[in-house]
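Novice: got a predicted structure here, sequence first:
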Amino acid sequence: MKVLVADKFEASGLDGLRAIGCDVSYQPDVKDAALVEAVRTTGAAVLVVRSTQVTEAALDAGALSLIVRAGAGVNTIDVAGASRRGIYVSNCPGKNAVAVAELALGLMLALDRRIPDNVADLRAGAWNKKEYSKARGLAGRTLGLIGFGSIGQEVAVRARAFGMTVKAWTRRLAADAAEAARVAEAYGVTVVATPEEAVADADVVSVHLALTKDTRGFVGAGLLAHLKPGAAFINTARAEVVDQAALAAVVTARGVRAGLDVFAAEPAGATGAFADDIVRLPGVYGTHHIGASTDQAQDAIAAETVRIIRTFKDTGRVPNVVNLARTTPATHMLVVRHRDRPGVLAHVFAELRAAHLNVQETENVVFDGAEAAVARINIDGVPPSATLDGVRTHADVLDVQLVSLAG
């Protein structure tokens, strides 16, 4: 299987792919038109990326069957375009959770103790113990988490070790009281019903939302208005989930301090000029979108990427796939018990096609000895009785049942 790795990737991952028999083309610097050309010339079935943008042009350039995002989010990939072409998109959720959580706690500490300013003054030859002795401390403070997936959970574990009280909101738990109670007990947090409750009265608010159409701009002026003066705001998720102008406004007007790892106008490459006015505001610290960038996290992501590709290569199945339909238009299941011989299913499908019925999903289970099998065929309508009779006419069809999927 040919694999194109079009981003920086750990040597352990490249070695792992070769060890399972993949023909690996490692081109970490290809972007835009160069990526399109690389997909075309390599004939790769699998594309591995991190921050590289995957557009429709790249999807159409070759023979891709699977795109793996060596990380958590898939916002750099045209997932809808991949779905239209029947290309799997997969990712590595949770593998960078500890690294991001560690940075989030680091930003909290940096804001509280003003560590960057300490360093800057020392390097400038200034000693100012009187000024920098002013700190609030994290023990006993309240942390509000917006989003409580794998990263939010790791943040909570570390925050509680610092003696913080943790409130958490996530849409999934807000809709499931039983699961919310289980998670609250497991992580020692208070699960709240609304994001406003998570923000209100919190000394620190940390955002851990994936970027989707529903979360873009989710942390806006209305939610930020609940921050108390002087609170700390941490974003190690995606810049797009926060209204940047609204954040700048509360920093300026209410003394909110911000620790940011993500920005609205980041350079496309690993290095380059950077201009974002928010980092010039007093009380704002920033890092260079490095949340997942620890050796531990990258090794874990590389291992997961290899696992995904190995599973696909060996079984045709894709772990962590993100673009399969949750529901299909199928309304009925045709259950056909038949002798396991050539042409039986072709006959069944021909009858369905003649009735203009589309097969949404199918499964053929073979019995011990390979003499007989049962086909379960999900279809998008009710077959006429003549179609069912036509299916039964085949000499190797033993039984036919129609099952409603309406619930």
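Specialist: That came in fine, so what should we check first? Numbers count the residues shown, from 1 in each chain.
Novice: how far away is the residue lying closest to Gly94 once chain neighbours are set aside from Val5?
Specialist: In this structure, Gly94 finds its nearest non-sequential neighbour in Ser150, 3.8 Å apart by C-beta to C-beta, 6 or more residues apart in numbering. Glycine gets a C-beta too; all of them are placed from N, C-alpha and C. Noted for Ser150: a distance of 24 Å to Val5, by C-beta to C-beta, to the nearest Å.
Novice: re the thing from before, and the residue nearest to Gly94, what's its pLDDT?
Specialist: Note for Ser150: predicted pLDDT of 93.
Novice: and it, what does it touch?
Specialist: The contact partners of Ser150, by C-beta atoms under 8 Å, 6 or more residues apart in numbering, come to 93-94, 97.
Novice: make CSV from these and add secondary structure and pLDDT to it.
Specialist: Listed next are these as CSV, based on DSSP: H, G, I helix; E, B strand; the rest coil; pLDDT from 0 to 100:
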residue, secondary structure, pLDDT
Pro93, coil, 90
Gly94, coil, 89
Ala97, helix, 94
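Novice: using TSV, lay out those residues together with neighbour count and distance to Val335.
Specialist: Listed next are the contacts of Ser150 as TSV, based on neighbours: other C-beta atoms under 10 Å; distance: C-beta to C-beta, whole Å:
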residue	neighbour count	distance to Val335
Pro93	19	35
Gly94	17	38
Ala97	22	42
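Novice: okay, helices next: where are they in the stretch 201-350 of the chain?
Specialist: Remark: helices assigned in the stretch 201-350 of the chain by DSSP state H, counting those that start in this stretch are 221-224, 244-254, 295-315, 344-354.
Novice: pick the most buried one from these.
Specialist: For the helices of the stretch 201-350 of the chain, the largest average neighbour count (mean count of other C-beta atoms under 10 Å) is found in helix 295-315, namely a mean of 19.
Novice: and that one, average pLDDT?
Specialist: pLDDT averaged over helix 295-315 gives 96.
Novice: repeat for stretch 224-244
Specialist: 96.
Novice: and stretch 119-126, by the same measure?
Specialist: For stretch 119-126, the mean per-residue pLDDT is 97.
Novice: which residues touch it?
Specialist: So stretch 119-126 is contacted by 127-128, 132 (C-beta under 8 Å, 6+ apart).
Novice: so which of the helices of the stretch 201-350 of the chain comes closest to Asn378?
Specialist: helix 344-354 (11.0 Å; C-beta to C-beta).
Novice: leaving out sequence neighbours, find the closest residue to Arg50.
Specialist: In space, Arg50 is closest to Asp7, 4.0 Å off (C-beta to C-beta, 6+ apart).
Novice: what is the burial count for that neighbour?
Specialist: Using other C-beta atoms under 10 Å, Asp7 has 21 other residues around it.
Novice: for Val98, same thing?
Specialist: For Val98, using other C-beta under 10 Å, the count is 20.
Novice: same question, Ala11
Specialist: The number of residues packed near Ala11 is 10, by other C-beta under 10 Å.
Novice: list the contacts of it.
Specialist: No contacts exist for Ala11 under C-beta under 8 Å, 6+ apart.
Novice: from Lys213, how far off is it?
Specialist: Going from Ala11 to Lys213 by C-beta to C-beta gives 36 Å.
Novice: do Asp340 as well
Specialist: 45 Å.
Novice: those two: which is more packed in?
Specialist: Higher neighbour count among Asp340 and Lys213: Asp340, with 16 against 5, using other C-beta under 10 Å.
Novice: Val374 is in contact with the more buried one, correct?
Specialist: No - at 9.9 Å, Asp340 does not count as touching Val374 under the criterion of C-beta atoms under 8 Å.
Novice: who touches both of the two?
Specialist: Phe367.
Novice: touching, Arg284 and Phe263? I think so.
Specialist: Residue 284: Val, not Arg. No - look at Val284 against Phe263 with C-beta under 8 Å: they stay out of range, at 10.6 Å.
Novice: intersection of neighbour lists for the two?
Specialist: Common neighbours of Val284 and Phe263 are listed as Ile278 (criterion: C-beta under 8 Å, 6+ apart).
Novice: shouldn't Ala375 be within a strand?
Specialist: Yes - Ala375: assigned to a strand according to DSSP: H, G, I helix; E, B strand; the rest coil.
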